[in-house]
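*Asks:* After the sequence you'll find the predicted model.
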Number of protein chains: 4
Amino acid sequence: MTQSIAFLGLGAMGWRMAAHLPKAFSDVRVWNRTFSKAEAHALQFGTQASSIENAVQADIIFSCLPTSAEVEALIATYPPKAGSIWVDCTSGEPTSAQRVSAKLAENNVHFLDAPVSGQTIGAEKGILTVMVGGDVVALERARSAIEPFAGLIEHVGGSGAGFAVKAVNNMLLAVNLWSVAEGFSALKAHGVNLESALTCINASSGRSLASENTFPQRVLNREFPLTFALNLLAKDTGIAIDLAHSAKLPSPLLALTQSLYRAASNSLPEDSDFSAVVKLLESWTGQVLEV
Amino acid sequence: MTQSIAFLGLGAMGWRMAAHLPKAFSDVRVWNRTFSKAEAHALQFGTQASSIENAVQADIIFSCLPTSAEVEALIATYPPKAGSIWVDCTSGEPTSAQRVSAKLAENNVHFLDAPVSGQTIGAEKGILTVMVGGDVVALERARSAIEPFAGLIEHVGGSGAGFAVKAVNNMLLAVNLWSVAEGFSALKAHGVNLESALTCINASSGRSLASENTFPQRVLNREFPLTFALNLLAKDTGIAIDLAHSAKLPSPLLALTQSLYRAASNSLPEDSDFSAVVKLLESWTGQVLEV
Amino acid sequence: MTQSIAFLGLGAMGWRMAAHLPKAFSDVRVWNRTFSKAEAHALQFGTQASSIENAVQADIIFSCLPTSAEVEALIATYPPKAGSIWVDCTSGEPTSAQRVSAKLAENNVHFLDAPVSGQTIGAEKGILTVMVGGDVVALERARSAIEPFAGLIEHVGGSGAGFAVKAVNNMLLAVNLWSVAEGFSALKAHGVNLESALTCINASSGRSLASENTFPQRVLNREFPLTFALNLLAKDTGIAIDLAHSAKLPSPLLALTQSLYRAASNSLPEDSDFSAVVKLLESWTGQVLEV
Amino acid sequence: MTQSIAFLGLGAMGWRMAAHLPKAFSDVRVWNRTFSKAEAHALQFGTQASSIENAVQADIIFSCLPTSAEVEALIATYPPKAGSIWVDCTSGEPTSAQRVSAKLAENNVHFLDAPVSGQTIGAEKGILTVMVGGDVVALERARSAIEPFAGLIEHVGGSGAGFAVKAVNNMLLAVNLWSVAEGFSALKAHGVNLESALTCINASSGRSLASENTFPQRVLNREFPLTFALNLLAKDTGIAIDLAHSAKLPSPLLALTQSLYRAASNSLPEDSDFSAVVKLLESWTGQVLEV
C-alpha cells in the first residue's frame, strides 16, 4: 500500500528534512504558513504544495514548528484523520505531548514526539538524530518515513519522552557553552593564549561539542551566524527546568543556566543566534572572547 | 651531550609517565616519598631509584605531586642546580608557578608549569596532553624529555598559564558531569530510558567527554573507580575560581559548580573518585543514576 | 443581618485563627478532617463542630489547608452556596486561585485568596498579616470576619495576588535564612564569636527577620521547633519560582534558593522545621551553627 | 593623661565620625589626601588639619579609607609611634588586618580592625555599630575614643574578625536586596500592587533592612542616592567569599550574589549607589521596579 506523507512547517530545519521524503515516497504534501515557501519547496524538491486541510488527510503527518503551542493550535483546528500517525519534530513540551497524544488517541490517531538534533547541516545531509517518545508500534509503522532524514532513530520512552530528552540535550549545550565562556574569560584576563588553550581542552577531559564546535566556529570568530535562535534555546532550557520542577527535584546548575539564557534572550536583539549568549557575559567582564 | 632526567612523584600518573623516559634517555632518576615505589619502578622500567638530593642534580626535573604546596616545599628544601629546567606536571596553582618561577630564575633555573590531561590510560599510552606555561625557549630545551609521554605539547602562555588552562579544563569537566547528572535525574524521574537518552545526546549537541565517557563508564555502571580523586578535582575548581576572582570577573556558573564539588568533597568518603560527586545529587533527588 | 461563618482546617494556624471568631459572630462552624479536633475546638472556644456539608452552607467560609490541591478538592466535592464568600487562608498557588475563582464566580460565589503571615504566635494574638487577592468589594463584605485574627488586612491585587505575595514573602525568608547560615559558617570557620557577630549584624544593614528571630531562636540554640514545616516552605519557594518562570523572568538567586530548600526537604526527616534547612549546609561545611 | 587622636580619611563616613571627637578630646588631628577637606573640617568642627607625618604621632589613630590597600600603603610609608593604637574603620580585608597587626606588633603598636555600620546618617548621629577584631585590652584603651561616634562597640574576635563580620553583614545586605528585587519583579509581572505587597512583607517573615529601608527609600522612588558605592559593596562581597573560600566551605548563595554584584559593578556607571544593582536585573526582566 502506498502511504501519503505530509510535512507541516518549512523553516530552516523542516525545509531540509522534507526535501528527503520524495526519495522514498511519491505522495509528499508540504504546507507552510507562508504558502509561497511550500510552492518553492514543491518546485525544488518534487513535493506537492498542499492546503492544510488536504495535508492533514495524509497517513503520516510531520510537524516542525517553533513551539508546542503552534502544534496544539494546528491540531485543534485541523484534526488528522483516524488511523494516521502524527510525528511532531518540534522541540516541544512533554506535557503538551501527553495532552495531545491522549486527545488524538480518542480518534485512533497516534502522536509521536520526535524532535531532532543535528542542526541545519544534519538536516541537509539527512543524518539527524531523532529521539522518539510514544507508542513503539506506531514508531515502527512510521519509521520508513522518518529514515530519509535520520542518522539515528531512538525510542526513548512514552509520550513526551522525546521532547524531554531533546530539552535536556539542549540544556546541556547551553550549560557547556556558557561555562566555556566563563572559563575562557578568566584565561583571557590572565593573558593566556586562547587558541592554544582551546587546543588543549579539546584534547582533554573538559571538551564538549560546545568547546569543539560552537565556541571556535561561532564565538571566537565573532560570526554568531543565526541558525538556532537564542530565544528558542532559552525556551528549551525552560522546558528542561520544568521537568526537574514538576518532579520536585533540586537542579541548581540547570536552574541557574536557565536564568542566564533567559536574561540573555530578554536583553539581546531578537534575532540573535544562541551563541550570542556570550555577549551578555562579556558585558559583565569586559573580556571579549575573540582570537 | 647526554641529559640527565629526574622524575619526582610516582603516583598513578607519575608512575606511568616516568616509565616512558628510559626509551629516550639513559640517565633517568626516579624518586618518591615512599621510596619502595621508586625501587619497584627502577626494577620494572629500568630507571634508577634515586635520593632526592641526587635527583635534583639532574638537568631536567619533572615533578608530579598532589598540589603546588608539596612542590614548593620540595624546591625550598632541595633546590635544583643552576642551568637546569624544572617541569612541574602537578595540577597546580598559577600564582604558585609565578612565585616559584621568579625565585628559581634568580639561580638561573627555568620553571615550566606543565600539567597533563588524559588520565592514567593516556599516561600509559604516552599520549597525554601537556599544557605548558613559562619560557618558550626553556620549553624547546625540555621538549625531547616531555615527548615520550605526550600526544600533544602546547605552549599556552607565560608562567602559570599551563596551570590556568588545566584548572579551567578540569572545571569544565566538573560542570559538564554535574549537569549531565542533573539532566538525567529529571529524565529518570519522568520514566525516560536512560541508555537511549544517552545514545541520543551523545549523537547530539549536548555531548561532552563527561557524557560520552565519564557518565556511562563510571556512573551508570555504579563503579566509580578511583583514578582521579574528588578532593583533587574540588581543589582544581577552586583554582579556576581563583582565576576569575583575582581578575574581578563574575563567574556564576563556575562558582556554583565549585561550591557543589566542595560540598561533595567535604561530605563524601575521602577516597571517592570524582565521578562519585553524583551521589551528593542523588541524596537530594532520590533518583539513583544507574541502568 | 447575622452572618454565619465556617472555618475549615484546624491545623496549628487554623485552630488559633478560628478561636477568635466567636468574639464577633454567634454562628461559627468549624470542620476538620480529623473531626475530634473540631469537637475539641467547639468545647474550648464556643464554636460549633459541623459536618462539611453544613459548613459550606455558611455565608463566609474560611479554609486553611496544607496546599491548594486540598482546597480545590474540597470545593469540587462540597460547593459553597450562591452569594457566599470563600476566604482561603492557605499558602496556595496563584494559578489555582484564578482557576477556582473563575469557577465559583459562575455560581455567584466570590473567592478571595487571603494567606496569612505571623506564625502561630501571631495567630494566637490575633495580629496576623492578611494579604488578599480578588474582588475588593467582596473583601469589604468579608472584612469584619477577617478582622478578629488580623493585625493588618491588605488588598494586594486581583485573584491570586495574595498567594503571590505570600509566596514571595516566604521565599525571602528562605533566602535570608540560608544566607545567614552561609555567612555564619564562614565566620565560625575563622574563629569569630558568633553571638557578638549576630549582635553587630542585627544592629546593622544586613539584618532581617531571619537574623533577628529565626537564627537565634531556632538555629543557634539547636532547638528547631516544628512550627512551620520545611516541606511547606520548600513548596512555597516553588510557587515563587513559578511566578518568575511563567513570566519568563530570569531569577537566579531565587531559583538557587528553591533548589537548596528542595534538596533539604528531600533529604532531611519529614517532620523537620524549616529552620533545620541549615543542617544540609552543615553537612557540607562541617561547621555546626551553635553557641 | 591627655590623649592625642588622629583621624585619617575624611570621606562621607570619616568626615562625620571625626566631627564627634572634639566633644571628648582636645587634641584631634585630621588628615585627608585632598588636604582642603581637612582644613574645612577643622574650621567647621574645631579639629586640627594636620600633616600625615604629624597625624601618625598621635596616641590613637583612626583610619577610614576605601580599601585595605590604601591603609597598608599609608602605614608602610608613615609608621605610627611605638605604644600607639591604630583603629582601622575601613571595610577591609581580614588577611590584611592579620598581616598589618603582626607587623605593627613588632614595634609595640596595636592594630584594631574596627569597621562601622550605620551609613552616613548613623555617623552623623554618632550611633554607629563598631565591630572590633584584635586585642581586647587595646580595645579597652581605645574605647573612649571610639564612643563619641558609636552606638554599639562589640568585640567579635581576634585580628581580622571585625573585617570579617562587616564583610558578612554587607554580603547579607547584598543578598537581601537582590532577592527583594527578584521577588518584586515577579510580583510586578503578575500585576500585583507593589506598595501593598511591600507593606505586607514588611509586616511579615520576609522582611529585612533591605525591604524596609533600601528598597522603598532608594529603589522604588528611583532615586538611587549615592551614599554607598556599588563597587565598594561588590568589593565587600568579594571579601566575604574569600572567607568561605579560604576555609574550603561551599557557599553557593553568597558566591552567586558575589557574581551578580561584580557583574553589576562592572557594567553600571562607576558612581552608582549600591541600590542601582537592581538596574542590572531590570535590564534582564524588562520590569522596572517603581511605584
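*Replies:* Great, that's in hand.

*Asks:* List the contacts of the single nearest residue of the stretch 1-150 of chain A relative to chain B.
*Replies:* Of the stretch 1-150 of chain A, the residue with the smallest distance to chain B, taken as CB to the nearest CB, is A:S117 at 3.5 Å. To be clear about C-beta, it is placed using only N, CA and C from the backbone, and glycine gets the same treatment. Contact partners of A:S117, counting by CB atoms under 8 Å, 6 or more residues apart in numbering or on different chains, are A:L128, A:T129, A:M131, A:K166, A:N169, B:C200, B:A203, B:S204, B:S205, B:G206.

*Asks:* what's across from the first one in the sheet?
*Replies:* Under DSSP bridges, the beta-bridge partners of A:L128 are A:A150.

*Asks:* still on that earlier bit, just the ones of the contacts of A:S117 in strands?
*Replies:* With strands taken from DSSP state E, the overlap with the contacts of A:S117 comprises A:L128, A:T129, A:M131.

*Asks:* Looking at neighbours, which among these is most surrounded?
*Replies:* For the ones in strands among the contacts of A:S117, neighbours were counted by other CB atoms under 10 Å in any protein chain shown; the highest total belongs to A:M131, with 32 neighbours.

*Asks:* Which secondary structure element of chain A has the lowest mean pLDDT?
*Replies:* Across the helices and strands of chain A, mean pLDDT, DSSP states H and E gives its lowest value to helix A:119-125, namely a mean of 94.

*Asks:* Give me the distance from it to the chain's centre.
*Replies:* Helix A:119-125 has its average C-alpha position 12 Å from the chain's average C-alpha position, going by CA atoms, centre = their mean, to the nearest Å.

*Asks:* Now look at that helix and say if it contacts chain B.
*Replies:* Yes - contact check for helix A:119-125 against chain B, using CB under 8 Å from any CB of the partner chain: residues in range are A:Q119.

*Asks:* Go through that helix and flag the buried ones.
*Replies:* Neighbour-count burial for helix A:119-125, counted by 16 or more other CB atoms under 10 Å in any protein chain shown, picks out A:Q119, A:T120, A:G122, A:A123, A:E124.

*Asks:* which among those gets closest to chain D?
*Replies:* When the buried residues of helix A:119-125 are compared for distance to chain D (CB to the nearest CB), A:Q119 wins out at 27.1 Å.

*Asks:* Now do that closest one against A:A203, distance only.
*Replies:* Between A:Q119 and A:A203 the distance is 24 Å, computed by CB to CB, to the nearest Å.

*Asks:* ditto for A:S185
*Replies:* Spatial separation of A:S185 from A:A203 under the definition CB to CB is 21 Å.

*Asks:* Just to be sure, A:L152 is in a strand?
*Replies:* Yes - under DSSP: H, G, I helix; E, B strand; the rest coil, A:L152 falls within a strand.

*Asks:* what residues are up against the closest residue to it other than its chain neighbours?
*Replies:* Excluding the flanking residues, the one nearest A:L152 by CB to CB, 6 or more residues apart in numbering or on different chains is A:T129, at 4.7 Å. Residues near A:T129 by CB under 8 Å, 6+ apart: A:V116, A:S117, A:G118, A:G122, A:A150, A:G151, A:L152, A:E154, B:C200, B:A203, B:S204.

*Asks:* A:A58 too?
*Replies:* The neighbours of A:A58, taking CB under 8 Å, 6+ apart as the test, are A:S4, A:I5, A:A6, A:D27, A:R29, A:P80, A:S84.

*Asks:* which residues touch the fourth one?
*Replies:* The neighbours of A:D27, taking CB under 8 Å, 6+ apart as the test, are A:T2, A:Q3, A:S4, A:I5, A:Q48, A:A58.

*Asks:* now those residues: which count as buried?
*Replies:* Judged by 16+ other CB under 10 Å, buried ones among the contacts of A:D27: A:Q3, A:S4, A:I5, A:Q48, A:A58.

*Asks:* quick one: least confident of those?
*Replies:* Scanning the buried ones among the contacts of A:D27 for pLDDT, the smallest score is found at A:Q3, 91.

*Asks:* Now the closest residue to chain D within the stretch 51-200 of chain A: which helix or strand?
*Replies:* Nearest residue of the stretch 51-200 of chain A to chain D: A:E182, at 9.4 Å (CB to the nearest CB). The secondary structure element spanning A:E182 is helix A:161-189 (assigned by DSSP states H and E).

*Asks:* ok, and does that helix reach over to chain B?
*Replies:* Yes - using CB under 8 Å from any CB, helix A:161-189 reaches chain B at A:161, A:164-165, A:168-173, A:175-176, A:178-180, A:182-187, A:189.

*Asks:* and what of stretch A:80-99?
*Replies:* Yes - judged by CB under 8 Å from any CB, stretch A:80-99 comes into contact with chain B through A:P94.

*Asks:* is that stretch anywhere near chain C?
*Replies:* No - for stretch A:80-99, no contact with chain C is found by CB under 8 Å from any CB; the gap never falls below 13.0 Å.

*Asks:* Mind listing what's buried along that stretch?
*Replies:* Buried residues in stretch A:80-99, counted by 16+ other CB under 10 Å: A:80, A:84-99.

*Asks:* gap between the nearest residue in space to A:E223 that is not next to it in sequence and A:L198?
*Replies:* Nearest residue to A:E223 in three dimensions, chain neighbours excluded: A:Q217, at 7.6 Å (CB to CB, 6+ apart). Between A:Q217 and A:L198 the distance, using CB to CB, works out to 11 Å.

*Asks:* more crowded one of these two?
*Replies:* Counting neighbours by other CB under 10 Å for A:Q217 and for A:L198 shows that A:L198 has the greater number, 23 against 12.

*Asks:* My guess is the more buried one contacts A:P216. True?
*Replies:* Yes - the pair A:L198 and A:P216 passes the contact test of CB atoms under 8 Å, sitting 6.3 Å apart.

*Asks:* Could you list the low-pLDDT ranges of chain A?
*Replies:* Counting by pLDDT under 70, chain A shows low-confidence ranges at A:1.

*Asks:* Tell me where it has strands.
*Replies:* Secondary structure of chain A (DSSP E): strands at A:4-8, A:27-31, A:48-49, A:60-63, A:85-88, A:110-113, A:116-117, A:128-133, A:150-157.

*Asks:* CSV please, covering those strands and showing distance to D:E270.
*Replies:* What follows is the strands of chain A, written out as CSV (distance: least, CB to CB, whole Å):
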stretch, distance to D:E270
strand A:4-8, 53
strand A:27-31, 56
strand A:48-49, 59
strand A:60-63, 52
strand A:85-88, 51
strand A:110-113, 51
strand A:116-117, 45
strand A:128-133, 49
strand A:150-157, 52
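
*Asks:* Out of these, flag the one nearest A:V278.
*Replies:* strand A:116-117 (21.3 Å; CB to CB).

*Asks:* ok, the closest one: who's next to it in the sheet?
*Replies:* For strand A:116-117, the paired strands and their directions (DSSP bridges) read strand A:128-133 (antiparallel).
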